[in-house]
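>>> Quick one: sequence and predicted model below, then my questions.
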Amino acid sequence: MIVGIISDIHENYHNLLKALDAMRERGVEQILCLGDLMNAGIAQVLAHSGIPVFSIWGNNDGDRTNVLRVALAEDSTLTMGDLTYAFCEMGGRNVFLTHYPDLARPMARLQEFDAVFYGHDHRKSLKQIGDCLVVNPGEISSHKTGTATFVLYDTERNQVEFVPVPDAISTRTSYVVEQLPAGYAPVGE
């Protein structure tokens, strides 16, 4: 089974739509979203992507009531979890999802999961703790790192591939970086 893993959309519709196109081209059967949608409009895109989506909450999901309304609509293929983490079974693999990095590593150390996926810090990462993959797919928004990526998770092989979002756009321009106060500088500098 090929699963698309996304995180930190932060209402970048352009990059999300490009990522969904790329996932459809690659035969993704399920999408797991690690939170930070920012608004119900993003939930609407996910709910009508043509691929089933399961999402946990992040710390920037906007109006949760309207996000849930979208997910619960009759024609929606979006399912929202209850928390900022979830336990899943995907293609015969035990998977743990969390928005937060500080929960990912301890869960991986339990050695009860084939893979642990997390977001929040926007930095793509692949580590292995024992037999468990620990993966941050990076950000869809590209506003912190300047790069938009997602992950394809092959459950049969228990392997991931980082995929750059084709024709991604970012609000992290040189002008923005120059103008922001030092405490607000985007990640990665």
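Done, it's in.
>>> For this protein, just list every one of the helices.
Remark: helices assigned in the chain by DSSP state H are 13-25, 40-47, 64-72, 101-109, 174-179.
>>> Let me know which of these is tucked in deepest.
helix 40-47 (a mean of 22; mean count of other Cβ atoms under 10 Å). Backbone N, C-alpha and C define where each C-beta goes, glycine included.
>>> sorry, back to before: any chance of JSON lines for the helices of the chain, columns mean pLDDT and distance to Ser125?
JSON lines is the format used below for the helices of the chain (pLDDT from 0 to 100; distance: least, Cβ to Cβ, whole Å):
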{"stretch": "helix 13-25", "mean pLDDT": "98", "distance to Ser125": "18"}
{"stretch": "helix 40-47", "mean pLDDT": "97", "distance to Ser125": "23"}
{"stretch": "helix 64-72", "mean pLDDT": "95", "distance to Ser125": "27"}
{"stretch": "helix 101-109", "mean pLDDT": "97", "distance to Ser125": "8"}
{"stretch": "helix 174-179", "mean pLDDT": "81", "distance to Ser125": "22"}
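>>> Could you say which one of the ones you listed comes nearest to Phe117?
Among the helices of the chain, the nearest to Phe117 by Cβ to Cβ is helix 101-109 (7.7 Å).
>>> got the contact list for that closest one?
85, 96, 98, 113, 116-118, 120-121, 129-130, 132, 134, 136 (Cβ atoms under 8 Å, 6 or more residues apart in numbering).
>>> Tell me where this structure has strands.
Ranges of strands within the chain are 2-6, 30-33, 53-55, 78-80, 85-90, 93-98, 115-118, 125-129, 132-136, 149-154, 159-164, based on DSSP state E.
>>> Please identify the most buried of these.
Comparing these by mean neighbour count (mean count of other Cβ under 10 Å), strand 115-118 comes out on top with a mean of 28.
>>> Show the secondary-structure elements that it is packed against.
Counting contacts by 3 or more Cβ pairs under 8 Å, 6 or more residues apart in numbering; DSSP states H and E, strand 115-118 is packed against strand 93-98, helix 101-109, strand 132-136, strand 149-154.
>>> go again using 10 Å as the cut-off
strand 2-6, strand 85-90, strand 93-98, helix 101-109, strand 125-129, strand 132-136, strand 149-154, strand 159-164 (3 or more Cβ pairs under 10 Å, 6 or more residues apart in numbering; DSSP states H and E).
>>> quick one on the thing from earlier: which of the contacts of helix 101-109 sits closest to Thr77?
Using Cβ to Cβ, Phe117 comes nearest to Thr77 of these, at 19.6 Å.
>>> circling back: mind putting the contacts of helix 101-109 in a markdown table, distance to Pro181 and pLDDT included?
Formatted as a markdown table, the contacts of helix 101-109 follow (distance: Cβ to Cβ, whole Å; pLDDT from 0 to 100):
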| residue | distance to Pro181 | pLDDT |
| --- | --- | --- |
| Tyr85 | 33 | 97 |
| Phe96 | 37 | 98 |
| Thr98 | 30 | 98 |
| Phe113 | 40 | 98 |
| Val116 | 35 | 98 |
| Phe117 | 32 | 98 |
| Tyr118 | 28 | 98 |
| His120 | 22 | 96 |
| Asp121 | 20 | 96 |
| Ile129 | 37 | 97 |
| Gly130 | 42 | 97 |
| Cys132 | 39 | 98 |
| Val134 | 33 | 98 |
| Asn136 | 26 | 98 |
